[in-house]
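Peer 1: next come a sequence and a model predicted from it.
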Amino acid sequence: MARTISYQQAINEALAQEMRRDPAVVVFGEDVAGGMGTEQDKDAWGGVLGVTKGLWPEFPDRVLDTPISESAYIGAAAGAASAGLRPVAELMFVDFMGVCFDQIFNQAAKFKYMFGGKAKTPMVIRTMYGAGIRAASQHSQTLYPLFTHIPGLKVVVPATPYDAKGLLIQAIRDDDPVIFFEHKVLYTLQGEVPEEAYTIPFGEAEIVREGDDVTIVALGRMVHMAAQAADTLAAEGVGCEVIDPRTTSPLDEETILESVERTGRLVVVDESGPRCGMAADIASLVATRAFGALRAPIRTVTPPHTPVPFSPVLEDAYVPGAARVAEAVRSIAVKESV
Amino acid sequence: MARTISYQQAINEALAQEMRRDPAVVVFGEDVAGGMGTEQDKDAWGGVLGVTKGLWPEFPDRVLDTPISESAYIGAAAGAASAGLRPVAELMFVDFMGVCFDQIFNQAAKFKYMFGGKAKTPMVIRTMYGAGIRAASQHSQTLYPLFTHIPGLKVVVPATPYDAKGLLIQAIRDDDPVIFFEHKVLYTLQGEVPEEAYTIPFGEAEIVREGDDVTIVALGRMVHMAAQAADTLAAEGVGCEVIDPRTTSPLDEETILESVERTGRLVVVDESGPRCGMAADIASLVATRAFGALRAPIRTVTPPHTPVPFSPVLEDAYVPGAARVAEAVRSIAVKESV
Amino acid sequence: MRTDLHVSGRALAKEDLLRHYRVMRTIREFEERLHLEFATGEIPGFVHLYAGEEAIAAGFCANLRDDDYIASTHRGHGHAIAKGCDVKGMMAEIYGKATGICHGKGGSMHIADLAVGMLGANGIVGGGPPLVCGVGLKARVTGTDQVAVSFTGDGGSNQGTFLESLNLAAVWRLPVVFVVENNGYAESTAPRFHQSGIDVAKRADGFGLPGVVVDGHDFFAVYEAAREAIERARAGGGPSLIECKVLRYYGHFEGDQQSYREPGEVENARATKDCLLLFERSTVNAGIVGEDELRAIDKQVLALIDEAVAEAKQAPDPVPADLLTDVYVSY
Amino acid sequence: MRTDLHVSGRALAKEDLLRHYRVMRTIREFEERLHLEFATGEIPGFVHLYAGEEAIAAGFCANLRDDDYIASTHRGHGHAIAKGCDVKGMMAEIYGKATGICHGKGGSMHIADLAVGMLGANGIVGGGPPLVCGVGLKARVTGTDQVAVSFTGDGGSNQGTFLESLNLAAVWRLPVVFVVENNGYAESTAPRFHQSGIDVAKRADGFGLPGVVVDGHDFFAVYEAAREAIERARAGGGPSLIECKVLRYYGHFEGDQQSYREPGEVENARATKDCLLLFERSTVNAGIVGEDELRAIDKQVLALIDEAVAEAKQAPDPVPADLLTDVYVSY
Ligand SMILES: Cc1ncc(C[n+]2csc(CCOP(=O)(O)OP(=O)(O)O)c2C)c(N)n1
Ligand SMILES: Cc1ncc(C[n+]2csc(CCOP(=O)(O)OP(=O)(O)O)c2C)c(N)n1
Ligand SMILES: [Mg+2]
Ligand SMILES: [Mg+2]
């Protein structure tokens, strides 16, 4: 598996391979074909950042541009899934969820339960999230806590090209509705990715670094901040275990709890907001289920309770960085190592 | 203040008094007048459960029925507030947020920040929430965590008629967008309510019971479950301090932290779901900021991670009750009192 | 005695007519009985009755196959019965029982059975139209000739989801029919307060699909409009919008005092426009069916509903452990 | 030399004409300059340029008062300039500077200034139409004769919020005008793939408001349609929908390779339909304004934009502590 491709290419490859394998897989969203008018044109956009490029020329009947009507087409994904397709719908930015959330959380997420088990809604919503490209308050949010809160949804947050491919293939083959979060800053991240199709099961965390002093849990782009902080801290003699849950729902509680049982210390790093967010969720898990092991306060590292600002200076202050993570770790680890 | 009225009447009175005081207050929503065709008819519905009854006959120009177009009219509230009104829009059930969330979280909530401070959006969204009336998965959700997560919104969850009136008047006079959560099971709850207008500041918790052994934090209908559990436990010799934050955003962190500093034990009871919900939020607050005082694991009492079921048997198993609260308290308090 | 009735030049065989009558009568009886039972306090939650509108559900579903789909509204009993949901399972569901069609988890507002193409009643006004677009897409992509029909109220026709769906279905040329049941009220609000005195069907023009208005009390008018639209959709001719003007007999939900009604409104409709009455008059007058045959059906239906209620009342509740199942296929 | 130009029998005074020209030229210069500056990499984030559509913003805002409101789109520079936002403040905002009109917190997609009735560019397609309904309600409730105008793209006209707003405005008879800027693309998607070859204006019929189509390159056509709709709204005559057909010159955002374009499409529009060209031709040919007068304005505008860019580049960044302010009025 020496081949190196980008996070974006990994996603594209997962889609292409699954479409080849299963004729029930259809891809639609705004501009996912992109310039359908241009006669099988290889230059068709393939999504606003080119993530779906090449799919429409290969599958002209199963890659569809949509009107800017998220409720209608995300709802159509739910209806199509109910009737036997495996739609992969794109919600361009997760920030747009507010115009179509009903079809996600009241329809797709609840069919199986409301209908007494007699439904299956195998659909994927791919969506971009996260700050870092100066896209301001309405194009930079993280928002996966809002989906994680909802029973019936699965929520996937890959941090690497390898995970992006394996988790997306799993998402497409999964029989429940899955929200697949792609961090726009990670699209160009390179990594080793097998050419063949493979799946990564949901609810299995990845241990990104091993360590015995402090457990750091992080998701998505923050995994890289955490790993960077762990490297810095290793040089200072503090061993950090960095855990990437990879999916927030289901959440691999066991791996997190086991680690904290060992380290006695927890830092949660997350790009979603502090109130009712993922950092709080994981802190609460540990405070209720591994309290006996805790030897220091839990630390959470998140953006402040503010919208995402535009100006680079402000946005950089908004997004948690490796320095803040390291500082949080030191604030609970240092005492013992002195 | 001997007069006793219901939670529903308290809300109605707050609206009527504020409309009399301030001509900028307008009330609209589906059926809030209700049967406008019936010529100043006193029998007009006044909302699906009659909460706004009597307002339309008194203020025929400022109480408006709307089409079933939540995006349009909730967005209109944001626009009207920007232009100088103080709209009180009704989102009949909070479960319907999914068709209009954008206008709440990307528009109203963010104007002030995105516009560099040069905006003011004094609007209130009144909405019904909660389980208990066999209204099934799409009419029984709690969902305030989704609003609490969003910077720019204030979130109010009154538990008593007294609080409902004072907090609603505060909400109407407040210069920020406020989401006002009314628990449908509490509408008939009676309580002492002054006739004159008064306000209750946001971010000030109410200490419902005093006690030194365990802190219980609860909101909305759960305050009553917690108080009932506290009464039971008092008889067992366990003193519970029951705290009702009354608003989740802003949250009165100090009152909670101070109490836990004293009791060393925390149970959070909440009707919202366990993942990224209010129980996790408050547990995280305490695990990060009052860890040193904690003498036992934090306990959270919430519904399971499932939609709200219809059947009475199932719904009753879903909603946390006083027995579950008492059990949670005992699980962390008993040992010491033995 | 004749054996068929001609509607726009097509024959409706007697056995079909009796079948359609049975559907309408079953819905009526189901709803009238629920009205009575609800008043006893034994039925949990909200119940929205469809009585008066039976010709619409029956007229459309008469033109659908088992593998076609419908998406319904909060007022879904009629659609569910017409599409073939098990009546006893529905009744048990409304009573919240384990034997219910959704095992007691859904209740009146979520009755569904994908096995007969019933995508669910829906507690969210405007929830259904996007769903049928998806079914239409499925038919298109897999090359079947399935058709999907959504039902929406006059009130629901103001929801963005409905309006967006008209456009999406037109752009994608989907085999979908949008039915608007304009029953004169959205809860307590009459159309003159939620739209501007214009037929909902007219909205179709702006999106590029045909829109027509029919009398929703007249089974044959509905049947014919439905047939045309469904056949067109099945043949690849794209979506349609059909507005059925009708009056509902009961309040928005059971318990509604209906202070917004004109006096005599319902009585008048029951006496002069009732769909069962009109159906009986045309079929009996045309000499195709005998009154006795209809009365025999009435009796069978009554017995069915009696049984359904009795069984529902005696059926076991779900067990509390059921709370935790059916959230995910796997988790 | 004449001193006014007659449009549908009404006189447009020379000074007004020059003012409108200045607005359009300012927008054009602002956008052309941003196109160049963006390529240097110094401008953060997304920028969506309005060049080619100036006659629409100018034609509508020419009919608005300071106390009227507009709600804009992601492509908002033109609307903001036409409504009177400070050009230097806008430029500084786009550079993310503390001196920006939103102190660097909003950027290109959130330029706003309520003091001049600019309710904001909007990063959410379809975000604006509900907002102007609210402003219209404010005018109605407080008895003022203010008017509110929302701008939406062809793509945005498929968003439920837009469609719902048409209905709400009609039902409430609000003093609101909905403008659709049909510039031939929603990102890379042409209208034939997102609506069915029907004028967006036609959608008005189904909701009960007048809908008209005008040539969005022709300032005078826009001006006249705008005047009529705005006057009607101001006089209590209710809302209107006006679709302006136009072509945008640049890609969806800066950086877009525009592979979806027909070859020569933009060059052709620039040569034959440019709004500034058409405006100049009619006013100069009519003998009302001299070319020299227009060139003088061009020069002033160029100087203004030069200064705006120079000042923006040199302006201070916000300080990190600003991150935490302006979230609430009080908290
Ligand atoms: C999104 C949403 N908004 C509001 C409601 C509350 N509600 C339920 S039914 C109804 C009226 C529906 O009227 P109509 O569509 O005409 O259907 P009818 O009840 O007349 O059959 C309303 C407002 C809802 N369930 N969902
Ligand atoms: C709700 C929502 N969906 C999608 C987008 C992404 N998006 C931004 S602009 C745009 C195209 C808009 O097209 P149109 O309305 O025609 O305006 P134009 O850019 O042509 O001026 C899209 C899809 C968005 N910002 N908001
Ligand atoms: Mg109706
Ligand atoms: Mg466009």
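Peer 2: Received it, and whenever you're ready, just let me know what you need. Ligands and ions are numbered 1, 2, ... in the order given.
Peer 1: can you pull out the low-pLDDT segments for the stretch 1-150 of chain A?
Peer 2: For the stretch 1-150 of chain A, the stretches with pLDDT under 70 are A:1, A:36-42.
Peer 1: repeat that for chain C.
Peer 2: C:1, C:8-9.
Peer 1: ranges for the helices of it?
Peer 2: C:14-39, C:54-61, C:77-83, C:87-94, C:128-142, C:160-171, C:191-194, C:219-234, C:265-272, C:275-285, C:291-314 (DSSP state H).
Peer 1: figure out which of the ones you listed is closest to ligand 3.
Peer 2: Closest of the helices of chain C to ligand 3 is helix C:191-194, at 8.0 Å (criterion: CB to the ion). (Each C-beta comes from the backbone N, C-alpha and C, glycine too.)
Peer 1: out of the helices of chain C, deepest packed?
Peer 2: Of all the helices of chain C, helix C:160-171 carries the top mean neighbour count, a mean of 31, counting by mean count of other CB atoms under 10 Å in any protein chain shown.
Peer 1: which one of the helices of chain C lies closest to ligand 2?
Peer 2: helix C:160-171 (11.2 Å; CB to the nearest ligand atom).
Peer 1: that closest one near ligand 1 anywhere?
Peer 2: No: residues of helix C:160-171 are not located near ligand 1 by CB under 6 Å from any ligand atom, the shortest gap being 8.3 Å.
Peer 1: right, is that helix up against chain B?
Peer 2: Yes: using CB under 8 Å from any CB of the partner chain, helix C:160-171 reaches chain B at C:160, C:161.
Peer 1: low-confidence regions, the stretch 151-300 of chain A specifically.
Peer 2: In the stretch 151-300 of chain A, no residues with pLDDT under 70.
Peer 1: wait, what's in contact with residue 218?
Peer 2: Since you didn't name a chain, this refers to chain A. Residue A:218 sits next to A:225, A:226, A:242, A:243, A:244, A:268, A:269, A:270, A:325 when contact means CB atoms under 8 Å, 6 or more residues apart in numbering or on different chains.
Peer 1: I was after chain C.
Peer 2: C:55, C:275, C:278.
Peer 1: could you say which helix or strand holds the residue lying closest to residue A:178 once chain neighbours are set aside?
Peer 2: Using CB to CB, 6 or more residues apart in numbering or on different chains and skipping the chain neighbours, the partner closest in space to residue A:178 is residue A:171 (4.1 Å). Taking DSSP states H and E as the criterion, residue A:171 maps to helix A:161-173.
Peer 1: nearest to residue D:201, out of the helices of chain C?
Peer 2: The closest of those to residue D:201 is helix C:160-171. By CB to CB, the value is 14.7 Å.
Peer 1: tell me which other helices or strands that closest one touches.
Peer 2: Judged by 3 or more CB pairs under 8 Å, 6 or more residues apart in numbering or on different chains; DSSP states H and E, helix C:160-171 is in contact with helix A:70-82, helix C:128-142, strand C:176-182, helix D:160-172, helix D:191-194.
Peer 1: hmm, back to that, any chance of a markdown table for the helices of chain C, columns distance to residue A:89?
Peer 2: Listed next are the helices of chain C as a markdown table, based on distance: least, CB to CB, whole Å:
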| stretch | distance to residue A:89 |
| --- | --- |
| helix C:14-39 | 35 |
| helix C:54-61 | 28 |
| helix C:77-83 | 26 |
| helix C:87-94 | 30 |
| helix C:128-142 | 10 |
| helix C:160-171 | 12 |
| helix C:191-194 | 30 |
| helix C:219-234 | 23 |
| helix C:265-272 | 43 |
| helix C:275-285 | 39 |
| helix C:291-314 | 39 |
